[in-house]
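Colleague: Build me a model from this:
(one chain, ligands or ions: 2)
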Amino acid sequence: MKTLQYKSPSVKGTIKVPGDKSISHRSIMFGAIAEGTTKVTGFLKGDDCLATIDCFRKMGVQITENGDEILIEGKGFSGLKEPEEVLYTGNSGTTTRLLLGILAGRPFHSVVTGDESIAKRPMNRVTDPLREMGARIDGRDDGNLTPLSIRGGALHAFRYELPVASAQLKSALILAGLQSEEDTIIVEPQKTRDHTEKMIRHFGGNIKREGSTITVSGHQSFKAKHVQVPGDISSAAFFLTAAAVTKNSSLLLKKVGINDTRTGIIEVLKQMNADFEVTPVNHDEEPIGEISIKSSKLNACTVDGDLIPKLIDEIPIIALLATQANGKTVIKDAEELKVKETNRIDAVVEELKKLGADIEATDDGMIIQGPTQLTGAETDSRGDHRIGMMLAVASLITNGEVHIKNPECISVSYPEFFEDLESVTS
Ligand SMILES: O=C(O)C1=C[C@@H](OP(=O)(O)O)[C@@H](O)[C@H](O)C1
Ligand SMILES: C=C(OP(=O)(O)O)C(=O)O
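Modeller: Ligands and ions are numbered 1, 2, ... in the order given. Below is the predicted model of the structure:
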């Protein structure tokens, strides 16, 4: 249990959030399937990405830590060995789903399982199309739930329209497609984060995009590269909110990834009239920027449609922002929240209600009326890192203590979160 109480704090100073989780996972995967030594700097040493490292070590890939660097001795797709042990993906949906895409093309047997939250998350969105490509996959609920058993092998030509906007599903099919005998064509209903596509190009592979259609050719091989992981905008969102909702605040966030498939939070801050500025500092494939933000007088807004995939993980903290914005904020088209680490519609609504927020769940999102003075209460992260961090930021503006059950889960994406929060609050 964590107890937090602040008396009218300001959020001030400079902060560098840890590495991007999505890019960190992919850096290990591409380092493992490339040939040569890949060096990764800025890697997120959170539980989820450490689970990815562990899975590839179990397939015989040598991965070492050298201070701030991770070194991966890749030997190509064919260098991956049949694991003797179960591949344990912990709490990480990204590890589980992307790994399935790699395993689908490997000529060996493996078993993938995760924690009790992963055991409830739907895997058939990935296993059904991978079976159509030629992989043999079985598991509970006809291959929908972990543990999953995979026997990969030759994959054939495949065209698939994704039934759901999911970068994990898209990436799993791309990773399988890279090993296929023929082309794989994937059509996205909405644009989702494109870190996999960018990493393929970075490692010397090719992938084409025309409108919403992605074409991946098979039998690709990659050469080791240096990957520099930018700060995670999904982690930055908690501090952007902390500064915007508190008085006399002024915060600078350095080296934040501002890939335009991830900047939905920036668009929401703009719509809410927040006092902030984004300054790009490079123009690389994965762009990086500095974001400065001050205490803000916020207006309510609508968050929906194509914006949702660009901020899907930020919705818990956007809900908190909305409790401080003037008017009715409507979040819709976000059914995917129901299949994250928790059902995040229920978790956000029920936990924020405990703090006195005026918030209602809908079938595909939530409606929040603001501004409200929040009050202290007993709350529960429910084992979901993003709910835990949202509740911790909420404690900055409650007029009593906030007790958070199971705060440890925050180490999934942000092991130093409480130290960083401490360092910018006064
Ligand atoms: O591809 C990725 O790295 C991720 C994709 C998103 O999931 P979905 O693909 O399920 O939307 C996101 O919620 C998750 O935190 C990371
Ligand atoms: C949904 C998330 O991650 P994953 O799907 O990888 O568990 C998240 O980090 O909010």
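Colleague: so Leu320 touches Ser395, yeah?
Modeller: No. Contact criterion C-beta atoms under 8 Å: Leu320 and Ser395 do not qualify, at 10.5 Å. C-betas here are computed from N, CA, C, even on glycine.
Colleague: Measure how buried the residue of the stretch 51-200 of the chain found nearest ligand 2 is and give me the count.
Modeller: Using C-beta to the nearest ligand atom, the single residue of the stretch 51-200 of the chain nearest to ligand 2 is Gly93, 2.7 Å away. Residues contacting Gly93 under the criterion other C-beta atoms under 10 Å number 20.
Colleague: which residues touch it?
Modeller: Neighbouring residues of Gly93 by C-beta atoms under 8 Å, 6 or more residues apart in numbering: 118, 121, 168, 340-341.
Colleague: Just give the nearest non-adjacent residue to Asn326, would you?
Modeller: Asn299 (5.5 Å; C-beta to C-beta, 6 or more residues apart in numbering).
Colleague: Roughly how far does that neighbour sit from Gly327?
Modeller: Separation of Asn299 from Gly327 (C-beta to C-beta, to the nearest Å) stands at 6 Å.
Colleague: Going along the chain, name the helices of this protein.
Modeller: For the chain, the helices defined by DSSP state H occupy 21-33, 47-57, 93-103, 124-133, 140-143, 167-177, 195-202, 233-245, 264-271, 315-323, 344-354, 385-394, 417-424.
Colleague: ok, which residues in this structure are in contact with ligand 2?
Modeller: 21, 48, 92-94, 313, 340-341, 386, 413 (C-beta under 6 Å from any ligand atom).
Colleague: One more pass at 5 Å, please.
Modeller: Proximity of the chain to ligand 2, by C-beta under 5 Å from any ligand atom, involves residues 92-94, 313, 340.
Colleague: Between these, which sits nearest Lys208?
Modeller: Nearest to Lys208 among the residues of the chain next to ligand 2 is Thr94, at 23.7 Å by C-beta to C-beta.
Colleague: Just the pLDDT for the closest one.
Modeller: On the pLDDT scale, Thr94 is placed at 98.
Colleague: correct me, but it touches Ala51?
Modeller: No. At 9.5 Å, Thr94 does not count as touching Ala51 under the criterion of C-beta under 8 Å.
Colleague: how about the helices of the chain in JSON lines, adding distance to ligand 1?
Modeller: Formatted as JSON lines, the helices of the chain follow (distance: least, C-beta to the nearest ligand atom, whole Å):
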{"stretch": "helix 21-33", "distance to ligand 1": "3"}
{"stretch": "helix 47-57", "distance to ligand 1": "9"}
{"stretch": "helix 93-103", "distance to ligand 1": "4"}
{"stretch": "helix 124-133", "distance to ligand 1": "8"}
{"stretch": "helix 140-143", "distance to ligand 1": "18"}
{"stretch": "helix 167-177", "distance to ligand 1": "3"}
{"stretch": "helix 195-202", "distance to ligand 1": "7"}
{"stretch": "helix 233-245", "distance to ligand 1": "7"}
{"stretch": "helix 264-271", "distance to ligand 1": "12"}
{"stretch": "helix 315-323", "distance to ligand 1": "10"}
{"stretch": "helix 344-354", "distance to ligand 1": "10"}
{"stretch": "helix 385-394", "distance to ligand 1": "9"}
{"stretch": "helix 417-424", "distance to ligand 1": "16"}
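Colleague: Export those helices as TSV, with columns for distance to Val281.
Modeller: Shown next, in TSV, are the helices of the chain (distance: least, C-beta to C-beta, whole Å):
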stretch	distance to Val281
helix 21-33	17
helix 47-57	24
helix 93-103	26
helix 124-133	35
helix 140-143	45
helix 167-177	25
helix 195-202	18
helix 233-245	14
helix 264-271	15
helix 315-323	24
helix 344-354	32
helix 385-394	25
helix 417-424	20
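Colleague: so which of those gets nearest Ile293?
Modeller: helix 233-245 (4.6 Å).
Colleague: The closest one to helix 315-323, inter-axis angle?
Modeller: 10 degrees (axes from the mean of the first three to the mean of the last three C-alpha atoms, to 10 degrees).
Colleague: tell me the mean pLDDT for helix 233-245?
Modeller: For helix 233-245, the mean pLDDT works out to 98.
Colleague: ok, now stretch 181-194?
Modeller: 97.
Colleague: for stretch 419-426, same thing?
Modeller: Averaging pLDDT along stretch 419-426 yields 96.
Colleague: pull the CA atoms of that stretch into PDB?
Modeller: These are the backbone C-alpha positions of stretch 419-426, laid out as PDB (Å, rounded to 0.1, in the frame of the first residue of the first chain):
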ATOM      1  CA  GLU A 419      11.200   8.900  -7.200                       C
ATOM      2  CA  ASP A 420      10.600  11.100 -10.300                       C
ATOM      3  CA  LEU A 421       7.300  12.300  -8.900                       C
ATOM      4  CA  GLU A 422       9.000  13.200  -5.600                       C
ATOM      5  CA  SER A 423      11.800  15.100  -7.500                       C
ATOM      6  CA  VAL A 424       9.400  17.500  -9.200                       C
ATOM      7  CA  THR A 425       6.900  18.200  -6.500                       C
ATOM      8  CA  SER A 426       7.300  20.700  -3.700                       C
END
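Colleague: circling back: so what's the residue count around the residue nearest to Asn326?
Modeller: Neighbour tally, Asn299, other C-beta under 10 Å: 14.
Colleague: Next, the contact list for it, please.
Modeller: 271-273, 325-327.
Colleague: Next, work out how far apart Val11 and Val40 are.
Modeller: In terms of C-beta to C-beta, Val11 sits 30 Å off from Val40.
Colleague: and if you look at Val402?
Modeller: 36 Å.
Colleague: Now render the residues of the chain next to ligand 2 as JSON lines, adding distance to Arg382.
Modeller: As requested, those are exported to JSON lines (distance: C-beta to C-beta, whole Å):
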{"residue": "Ser92", "distance to Arg382": "17"}
{"residue": "Gly93", "distance to Arg382": "16"}
{"residue": "Thr94", "distance to Arg382": "19"}
{"residue": "Asp313", "distance to Arg382": "15"}
{"residue": "Lys340", "distance to Arg382": "11"}
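Colleague: Name the member of those residues with the most neighbours.
Modeller: Using other C-beta under 10 Å as the neighbour criterion, Ser92 leads the residues of the chain next to ligand 2 with 28 neighbours.
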